[in-house]
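Chemist: Below are the sequence and a predicted model; questions follow.
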Amino acid sequence: MEHLDVIIIGAGLSGIGSGCHLTMTSPDQNFAILEARESFGGTWDLFKYPGVRSDSDMYTFGYSFHPWTEGRDIASGESILNYLNETAQAYGVDKKIRYSHKVGGLNWDSAQSKWIIDILATDARAAFQMSCNFVLSCMGYYNYEHGYLPKFEGYDSYKGTLVHPQFWPEDLDYTDKKILVIGSGATAITLVPSMADKAAHVTMLQRSPTYVFTRPGEDKIATFFKRILPKKLAYKLARFKNVLITIYMFKHARKNPDKVRKFLRDMAVDELGDSVDVDVHFKPSYDPWDQRLCLIPDADLFSVLKDGRASIVTDHIETFTETGVRLKSGESIDADIIIPATGLDVQFFGGIDTCIDGEKVNSGELINYKGMMFANVPNLAAVFGYTNASWTLKADLTSNYVARLLNHMRKHDYKTAVPKLGKHDMKTELIVGLQSGYLLRKSDEIPKQGDQLPWRNPENYLKDYKRIRWGKIDDGVMSFK
């Protein structure tokens with residue numbers, strides 16, 4: 001059985017970043033990145049729908065150690081994939097990736113102080129096992145095998161083309177077709193303007209409105225920094241600026257939800273005028289940041305709604321028909337292609353069965369430690385990015401922390417590191433503070449957080465930077481053996 005110091009699971013944004021951090025900060029660690037698919041990139045390789053892009057700026061969505069140098073910081077999926085490839089090659093991480101290595105199970109063996117990892121069989125290879133001292137999960141938070149699809153009445157009766165965004169057929173021709181996009185999240189608001197140029201018409205159908213905001217696709221201040229400053233310094237300044245703006249916006253929304261609600265409404269009215277009823281289609285019933293805000297770069301969604309290439313309908317589906325859908329209002333929408341952009345299927349830890357000495361760990365009962373490890377689970381960390389800011393900000397902190405933790409363990413000849421939590425009377429809640437449907441649907445499977453540090457996940461980069469990047473490894477909670 002092959003044994004490694006560290007195994008990283010997943011070769012997406014987080015996995016590649018983690019490999020780079022190990023290479024830079026803990027170079028004596030022997031590690032591999034196990035990737036279930038046949039290519040790297042994770043989300044940015046999986047999703048192929050028109051217009052797929054980041055909804056965070058690349059100065060914070062990019063890695064802290066590898067500057068984003070392109071002009072547009074609201075980047076296309078292809079640009080992000082190129083950036084990941086460039087980064088992996090620059091740090092030699094591309095040579096550490098083992099493709100078609102799908103992990104089927106993990107078991108911590110206390111007697112040997114190591115993880116035993118089951119690798120599932122493929123067409124060309126029988127199942128086998130590997131072992132390691134430390135596991136770093138970089139598998140994201142959703143199921144790659146399928147997305148979420150509500151149980152629509154009459155769904156199978158539709159005779160047109162059904163396409164889920166997570167499995168987009170690259171040869172789909174939608175020229176001069178009538179398109180119906182179901183949903184109002186980030187995927188839907190990306191698809192609608194991206195398809196409107198070629199389609200006959202695109203209709204966006206939502207059950208309820210989502211908060212949206214617009215900003216330029218290129219950051220003029222960051223562009224100015226790049227013009228007058230060295231590349232790395234310009235990147236750091238743009239990154240810091242955007243971190244501060246994001247934190248301010250989130251805090252302001254939480255403290256003054258009515259003001260932010262009015263600001264977002266006024267923004268929509270300024271863009272749309274009388275062409276769309278903003279109070280029907282862009283006025284959610286919840287407060288800003290109860291769910292994640294959706295970004296519209298360069299007002300692209302507003303533009304296609306205003307000029308009539310797309311339209312928006314707020315209603316509930318009563319049933320699918322042979323030609324489209326019938327709504328509860330009695331209206332019908334006919335479409336040649338229907339795209340249910342209805343969300344992700346949340347899946348913690350990639351759905352992998354995780355055991356300690358043969359006893360299965362219930363992910364919904366785990367208590368978070370510093371937003372990355374879990375109470376009483378040894379030698380395991382999971383990258384879970386921010387929900388109110390760029391994912392990579394927290395991924396960077398987590399990966400760097402793990403590298404420093406491994407250095408500390410090697411220096412003191414420790415074999416195990418486990419956050420210890422005995423009996424407690426802390427109040428617990430989901431590790432994330434959003435009330436989005438895709439999270440609430442799986443609340444019993446998502447780890448929890450406590451009401452006090454280090455069991456609390458503050459979702460604040462500056463606070464996390466101080467306590468994670470510069471905090472003590474041996475903090476009195478982490479137990480070493």
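Modeler: Yep, that arrived. Worth saying up front: this structure is predicted, and the values here are computed from it rather than measured.
Chemist: Give the buried residues for stretch 157-165.
Modeler: 158, 160, 161, 163, 164, 165 (16 or more other CB atoms under 10 Å). The way it works is simple: take the backbone N, C-alpha and C, and place the C-beta from them, glycine included.
Chemist: what does stretch 353-367 give?
Modeler: Buried residues in stretch 353-367 (16+ other CB under 10 Å): 354, 356, 361, 363, 366, 367.
Chemist: do the same with stretch 180-198
Modeler: Neighbour-count burial for stretch 180-198 [16+ other CB under 10 Å]: 180-196.
Chemist: on that earlier part again, tabulate the buried residues of stretch 353-367 (JSON lines), appending secondary structure.
Modeler: Putting the buried residues of stretch 353-367 into JSON lines (DSSP: H, G, I helix; E, B strand; the rest coil) gives the following:
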{"residue": "354", "secondary structure": "strand"}
{"residue": "356", "secondary structure": "strand"}
{"residue": "361", "secondary structure": "coil"}
{"residue": "363", "secondary structure": "helix"}
{"residue": "366", "secondary structure": "coil"}
{"residue": "367", "secondary structure": "strand"}
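Chemist: of the buried residues of stretch 157-165, closest to residue 53?
Modeler: residue 165 (12.7 Å; CB to CB).
Chemist: which helices and strands does the longest strand along the chain pack with?
Modeler: Assignment by DSSP state E gives strand 128-137 as the longest strand of the chain. Judged by 3 or more CB pairs under 8 Å, 6 or more residues apart in numbering; DSSP states H and E, strand 128-137 is in contact with strand 2-9, strand 114-119, strand 380-382, helix 391-412.
Chemist: what's the most buried one of the ones you listed?
Modeler: Across the helices and strands packed on strand 128-137, the average number of neighbours (mean count of other CB atoms under 10 Å) peaks for strand 380-382, which reaches a mean of 24.
Chemist: Pairing partners for it, with directions?
Modeler: strand 128-137 (parallel) (DSSP bridges).
Chemist: mind checking how far the helix or strand containing residue 84 is from the chain centre?
Modeler: Residue 84 belongs to helix 77-90 when elements are defined using DSSP states H and E. Here helix 77-90 shows a centroid-to-chain-centroid distance of 17 Å under the convention CA atoms, centre = their mean, to the nearest Å.
Chemist: Counting residues, which helix of the protein comes out longest?
Modeler: Counting residues, the longest helix in the chain under DSSP state H turns out to be helix 231-255.
Chemist: how far off helix 391-412 does that one point, in degrees?
Modeler: Using axes from the mean of the first three to the mean of the last three CA atoms, to 10 degrees, the direction of helix 231-255 lies 110 degrees away from that of helix 391-412.
Chemist: Would you mind pulling the contact partners of helix 231-255?
Modeler: With contacts defined as CB atoms under 8 Å, 6 or more residues apart in numbering, helix 231-255 is touched by 57, 59-60, 62, 64, 67-69, 73, 219, 221-222, 225-226, 228-229, 259-260, 287-289, 388-390, 393, 460-462.
Chemist: low pLDDT regions in this protein?
Modeler: Across the chain, the ranges flagged by pLDDT under 70 are 433-440, 442.
Chemist: mind listing the helices in it by residue range?
Modeler: All helices of the chain, identified by DSSP H, fall at 13-25, 43-46, 58-61, 77-90, 186-196, 220-228, 231-255, 257-272, 278-281, 300-306, 391-412, 437-440, 461-464.
Chemist: Out of the ones you listed, which is closest to residue 123?
Modeler: When the helices of the chain are compared (using CB to CB), the closest one is helix 43-46, at 20.4 Å.
Chemist: quick revisit: give me the buried subset of the contacts of helix 231-255.
Modeler: By 16+ other CB under 10 Å, the contacts of helix 231-255 give 57, 59-60, 62, 64, 67-68, 73, 219, 222, 225-226, 260, 288-289, 388-390, 393, 460-461 as buried.
Chemist: which one of the helices of the chain lies closest to residue 317?
Modeler: Per CB to CB, nearest to residue 317 of these: helix 186-196, 14.2 Å.
Chemist: quick one: the closest one to chain centroid distance?
Modeler: 18 Å.
Chemist: tell me the angle of it relative to helix 77-90?
Modeler: 120 degrees.
Chemist: Summarise which helices and strands helix 186-196 is packed against.
Modeler: So helix 186-196, by 3+ CB pairs under 8 Å, 6+ apart, packs with strand 178-182, strand 201-206, strand 294-297, helix 300-306, strand 310-314.
Chemist: Could you rerun that using 6 Å?
Modeler: strand 178-182, strand 201-206, helix 300-306 (3 or more CB pairs under 6 Å, 6 or more residues apart in numbering; DSSP states H and E).
Chemist: wait, which of the buried residues of stretch 353-367 is closest to residue 296?
Modeler: residue 363 (34.3 Å).
Chemist: if I pick the closest one, what's in contact with it?
Modeler: By CB atoms under 6 Å, 6 or more residues apart in numbering, the contact set of residue 363 is 348, 445.
Chemist: What distance do you get for it to residue 346?
Modeler: 11 Å (CB to CB, to the nearest Å).
Chemist: do residue 257 as well
Modeler: 25 Å.
Chemist: Of the two, which one has the most company?
Modeler: Higher neighbour count among residue 257 and residue 346: residue 346, with 20 against 15, using other CB atoms under 10 Å.
Chemist: Any idea what that one is bridged to?
Modeler: residue 142.
Chemist: Same question for residue 373.
Modeler: residue 369.
Chemist: Pull the number of nearby residues for it.
Modeler: What residue 373 shows, counting by other CB under 10 Å, is a neighbour count of 24.
Chemist: picking that back up, what angle sits between the helix holding residue 84 and helix 13-25?
Modeler: Using the same axes, to 10 degrees: helix 77-90 against helix 13-25 is 20 degrees.
Chemist: now for helix 77-90, which elements pack on it?
Modeler: helix 43-46.
Chemist: roughly how far is the helix it packs on from the heart of the chain?
Modeler: In terms of CA atoms, centre = their mean, the centre of helix 43-46 is found 11 Å from the chain centre.
Chemist: Now tell me what touches that helix from outside.
Modeler: Against helix 43-46 from outside (CB under 6 Å, 6+ apart): 39, 77, 80, 81.
Chemist: Leaving out chain neighbours, which residue sits closest to the third one?
Modeler: Computed as CB to CB, 6 or more residues apart in numbering, the closest residue to residue 80 that is not its neighbour in sequence is residue 44, at 4.7 Å.
Chemist: now swap in residue 21 and tell me
Modeler: residue 399 (3.8 Å).
Chemist: Next: residue 62.
Modeler: Nearest non-adjacent residue to residue 62 (CB to CB, 6+ apart): residue 68, at 3.9 Å.
Chemist: and what of residue 102?
Modeler: Nearest non-adjacent residue to residue 102, counting by CB to CB, 6+ apart: residue 36, 3.7 Å away.
Chemist: I'd say that neighbour and residue 103 touch.
Modeler: No. Using CB atoms under 6 Å, residue 36 makes no contact with residue 103, being 7.2 Å away.
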